[in-house]
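Asker: The sequence and its predicted three-dimensional model are supplied below.
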Amino acid sequence: MKPPYEITSVILKYISSISEKIGEVNAKYLVKTNPTLRKQNQIKTIYSSLSIEGNTLSEEQITAILENKRVVGPQKDIIEVLNALEVYKNLNTLKHHSEKDFLKAHKLLMKNLIGNSGKYRTKSVGIVKGSKVEHIAPPYENVPFLMKDLFQYLKDKSEISLIKSCVFHYEMEFIHPFIDGNGRMGRLWQTLILKEEYSVFEFLPFETLIAKNQEAYYNSLSVSDKEGKSTKFIEYMLGIIDESLNELLDNSTKKLSDEERIQVFIENFTSIFTRKDYLNFFKDLSSATASRDLKKAVDNGIISKTGDKKTTVYQKN
């Protein structure tokens with residue numbers, strides 16, 4: 001069954017704006033920019049998603065953990081970071097429409113933090129804010145078939161991915177299928193759904209903007225609960241995504257260096273290739289610059305060259 005929501009003028013405006021910006025991102029080769037930027041964005045994503053849940057470690061400490069350096073901090077917070085890094089490392093192996101992968105991701109994310117990681121809750125839960133009960137989740141007996149329904153909805157190809165990802169995020173939060181880790185799973189799975197269609201979302205840290213204004217995030221969930229539909233949450237999340245793409249484009253004025261161009265190219269073109277293929281990929285590049293890029297990459301052992309002049313072909317080492 002399709003979860004309830006309405007298409008509003010706000011939603012249409014954001015979908016149009018986001019689609020335009022994704023086109024611009026693709027045109028500027030920002031989808032797979034240099035590895036340093038991707039690493040920074042992944043750290044921002046993990047830092048923001050965990051800080052929303054109360055993790056106290058800084059971006060610098062998370063970077064240190066990623067680099068296998070010793071970090072002093074609460075053991076629980078360090079485990080949360082290690083688990084999140086493991087999940088993001090395996091992100092490309094997870095299928096967004098697979099409930100089995102969803103449980104596998106939760107198991108990785110909550111390993112050594114709760115006793116029943118990777119399993120749906122077997123008791124009733126309520127969310128308390130201060131002294132007030134904010135949300136009473138559906139009875140635990142209903143969780144398996146509610147989640148099965150939700151994953152069935154993800155397979156609906158007539159739905160726009162941008163909307164589908166927001167609906168899943170909200171509905172999963174409403175069902176609250178786990179004892180702990182629901183928030184971070186909702187944000188992770190929205191990323192996975194979006195990444196399936198738009199690879200930029202693998203590296204777009206929209207959690208950073210949620211972390212900056214958590215009240216608006218929780219308020220949009222609360223309003224959607226009261227209205228019995230996810231419309232307000234869809235509007236909120238699309239606004240966050242739109243703003244995140246704005247930031248990415250604003251910070252993308254720097255041109256790619258020769259090394260970054262080669263890195264981007266070989267990640268997108270893994271078979272044998274020619275200089276012509278390289279020029280077709282970077283349409284604004286001159287023949288001389290392309291030749292210099294390829295020569296430098298050969299000299300540095302990144303790619304190998306066979307043949308001569310017109311018969312020259314290249315391959316990633």
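Answerer: On my side now, so go ahead.
Asker: what's the spacing between the spatially most central residue of the chain and residue 118?
Answerer: Centre of the chain computed as the mean C-alpha position; nearest residue by Cα atoms, centre = their mean is residue 191, 3.3 Å away. The span separating residue 191 from residue 118 equals 19 Å under the rule Cβ to Cβ, to the nearest Å. To be clear about C-beta, it is placed using only N, CA and C from the backbone, and glycine gets the same treatment.
Asker: Repeat that for residue 8.
Answerer: Distance from residue 8 to residue 118, counting by Cβ to Cβ: 37 Å.
Asker: how about the nearest residue to the residue nearest to the centre of the chain, chain neighbours excluded?
Answerer: Computed as Cβ to Cβ, 6 or more residues apart in numbering, the closest residue to residue 191 that is not its neighbour in sequence is residue 201, at 5.6 Å.
Asker: what do you get for residue 211?
Answerer: The spatial neighbour of residue 211 that comes closest, neighbours along the chain excluded (Cβ to Cβ, 6+ apart), is residue 48 at 4.0 Å.
Asker: pLDDT on the one helix or strand that neighbour maps to, on average?
Answerer: Using DSSP states H and E, residue 48 sits in helix 35-52. For helix 35-52, the mean pLDDT works out to 83.
Asker: now whichever helix or strand comes after it: mean pLDDT?
Answerer: Along the chain past helix 35-52, the next helix or strand (assigned with DSSP H and E) turns out to be helix 59-66. Here the mean pLDDT over helix 59-66 is 92, rounded to a whole number.
Asker: how many neighbours does the nearest residue in space to residue 95 that is not next to it in sequence have?
Answerer: Here the nearest residue to residue 95 in space, its sequence neighbours aside, is residue 101; by Cβ to Cβ, 6+ apart that works out to 5.2 Å. Residue 101 has 17 neighbouring residues, counting by other Cβ atoms under 10 Å.
Asker: and the gap between residue 101 and residue 135?
Answerer: 26 Å.
Asker: so the helix or strand that the residue nearest to the centre of the chain is a member of versus helix 35-52, what angle?
Answerer: Secondary structure from DSSP H and E places residue 191 in helix 182-197. If you take axes from the mean of the first three to the mean of the last three Cα atoms, to 10 degrees, helix 182-197 sits at 150 degrees to helix 35-52.
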